[in-house]
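Enquirer: Sequence and predicted model, in that order:
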Amino acid sequence: MKIMSVDFGDSRTGIAVCDKSEFLASPVTVIFEKNFDRCLEKTAALAKEQGAELIVVGYPKNMNNTIGERAEKCTLFGDKLHELTGTEVVMWDERCTTVSAHNYLNETNVRGKKRKNVVDAVAAVIILESYMAFRKNTGK
């Protein structure tokens, strides 16, 4: 199944997809958009363009497992994305993905403006890889 993941942010939203065999997750792009509705429209258009059969949206729970304002905004984004695309949307725990993305970029010596431009797409890949591992390990 072709799955698209979204690392939704107020200024930058990372997008990643996997192949139909769910073996490889790859970054697609970063949407640079501060307007919620325009970001939603651009994300929906990418989902259709990529042929996404399922969309995974990062769900940033707090470290103590509570739901904060950011997670509520991501839930709203996911709900609206489902309405626009008609595609199933799954909210997926994304705690520490941006930190992991920065660590990966440190290892590859990506710095400065280039890092800022790709970190959200890398975080979307990490979200997708985590979700794909869950599907593989649980048979879902």
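Expert: Arrived safely, thanks for sending.
Enquirer: got a list of what the residue nearest to residue 54 when sequence neighbours are not counted touches?
Expert: Spatial nearest neighbour of residue 54, excluding adjacent residues (Cβ to Cβ, 6 or more residues apart in numbering): residue 3 at 4.7 Å. Where you see a C-beta, it was placed from the backbone N, CA and C, and this is true even at glycine. By Cβ atoms under 8 Å, 6 or more residues apart in numbering, residue 3 lies in contact with 17-18, 22, 52-56, 128, 131-132.
Enquirer: Could you tell me how many residues sit around residue 122?
Expert: By the criterion of other Cβ atoms under 10 Å, residue 122 has 25 neighbours.
Enquirer: Just read off the phi/psi values of it.
Expert: Reported as degrees, to the nearest 10, the phi and psi values for residue 122 are phi -70, psi -40.
Enquirer: Likewise for residue 53?
Expert: phi -100, psi -10.
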